[in-house]
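Engineer: my questions concern the predicted model and sequence given below.
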Amino acid sequence: MAARNFLFALDSHDVALTRFLETAARVTGFLKGAPGEALPGWYVPGGDNAPFLRELYARLEATYPAAGQPFYAVRLLTNLFWQPAYVAVIGTHVHGALPQLLSVSQQVKGIDVSGFRLPAGPQHKADLDSLILRAGTDLRAFADGLLAEINAITKLKRVPALRLVTDRMLGLMLRLRDYVPEMTVEEQRRLCGLWLSAMDLVGQGDLETLDLSDGRQVLITARKGCCLDYLAFPDAYCSSCPKQDDDVRLGRQRAEALAELDA
């Protein structure tokens with residue numbers, strides 16, 4: 001049987017996948033996917049991923065020996081969730097159709113997970129709010145499965161894990177106006193609420209509106225989760241880290257928002 005050549009798409013599913021992958025790479029500048037099934041050694045939802053997770057855990061431990069088990073467990077989750085989250089959001093808000101999220105396989109590169117593959121197949125189309133509901137439901141199923149796999153080899157509590165998943169989604173919600181420039185702040189907040197509701201993450205973090213001195217408004221993240229990066233990089237909290245006093249956090253986020261607006 002001849003090999004599939006995605007330069008010459010075989011059917012409408014191949015064409016749709018090619019368009020999605022091109023769109024994802026173009027609008028983000030870094031999301032790199034390819035068509036096809038998982039390659040040997042890749043993470044596959046529903047597969048036997050214990051060797052993959054143990055190897056990544058060992059690499060993290062060797063790279064950051066002083067950070068400790070909680071940091072390594074958190075990095076397993078955040079490493080493997082970020083690409084499916086981007087696939088879901090780009091598919092929903094830019095591409096206008098949702099690829100099969102639970103078929104996303106992922107590659108490890110050193111201590112990072114980067115690069116994914118998707119098999120050609122039907123993409124779900126619907127109005128925006130319905131797409132968010134479908135994508136959010138699939139993403140939550142992916143996150144729950146990943147958390148169960150992680151807990152089979154190390155310990156990661158459910159609530160902190162869900163807050164980290166929420167943090168990723170909040171970061172993506174802040175980027176929505178980069179992908180859809182005509183979007184208002186009010187619509188951005190509405191859509192964020194739909195995503196959090198679809199993923200059963202309401203109460204685990206949110207966006208909040210920050211009024212600037214010149215009358216402009218921006219959205220910032222109000223997180224409840226901590227990525228624990230300070231365990232590997234002492235005395236370095238993220239600007240939005242909830243471990244800081246609110247005055248410090250808001251000051252840092254205000255400065256970042258102004259710098260980004262005026263860039």
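Structural biologist: Good, I have the coordinates.
Engineer: mind listing the helices for the stretch 51-200 of the chain?
Structural biologist: Secondary structure of the stretch 51-200 of the chain by DSSP state H, counting those that start in this stretch: the helices cover 69-90, 128-151, 158-174, 176-179, 185-198.
Engineer: what are the buried residues along the longest one?
Structural biologist: Translated: helix 128-151. Using 16 or more other Cβ atoms under 10 Å as the test for burial, helix 128-151 gives 131-136, 138-140, 142-143, 146-147, 149-150. To be clear about C-beta, it is placed using only N, CA and C from the backbone, and glycine gets the same treatment.
Engineer: cool, and the third one?
Structural biologist: Judged by neighbour count using 16+ other Cβ under 10 Å, the buried positions of helix 158-174 are 160-170, 172-174.
Engineer: OK, contacts around A161?
Structural biologist: L77, A143, L147, I150 (Cβ atoms under 8 Å, 6 or more residues apart in numbering).
Engineer: TSV for the helices of the stretch 51-200 of the chain, including mean pLDDT and distance to A236?
Structural biologist: Shown next, in TSV, are the helices of the stretch 51-200 of the chain (pLDDT from 0 to 100; distance: least, Cβ to Cβ, whole Å):
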stretch	mean pLDDT	distance to A236
helix 69-90	98	13
helix 128-151	98	25
helix 158-174	97	17
helix 176-179	92	26
helix 185-198	97	27
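Engineer: dump those to a markdown table, plus distance to P40.
Structural biologist: Converted to a markdown table, the helices of the stretch 51-200 of the chain look like this (distance: least, Cβ to Cβ, whole Å):
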| stretch | distance to P40 |
| --- | --- |
| helix 69-90 | 18 |
| helix 128-151 | 18 |
| helix 158-174 | 28 |
| helix 176-179 | 34 |
| helix 185-198 | 34 |
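Engineer: for L250, which of the ones you listed is the nearest?
Structural biologist: Closest to L250 of the helices of the stretch 51-200 of the chain is helix 158-174 (Cβ to Cβ; 15.2 Å).
Engineer: you'd agree G33 is up against Y86?
Structural biologist: No. Contact criterion Cβ atoms under 8 Å: G33 and Y86 do not qualify, at 9.5 Å.
Engineer: residue contacts, the residue nearest the centre of the chain?
Structural biologist: Centroid-nearest residue in the chain: W82, 3.0 Å away (criterion: Cα atoms, centre = their mean). Contact analysis of W82 by Cβ under 8 Å, 6+ apart lists V113, R168.
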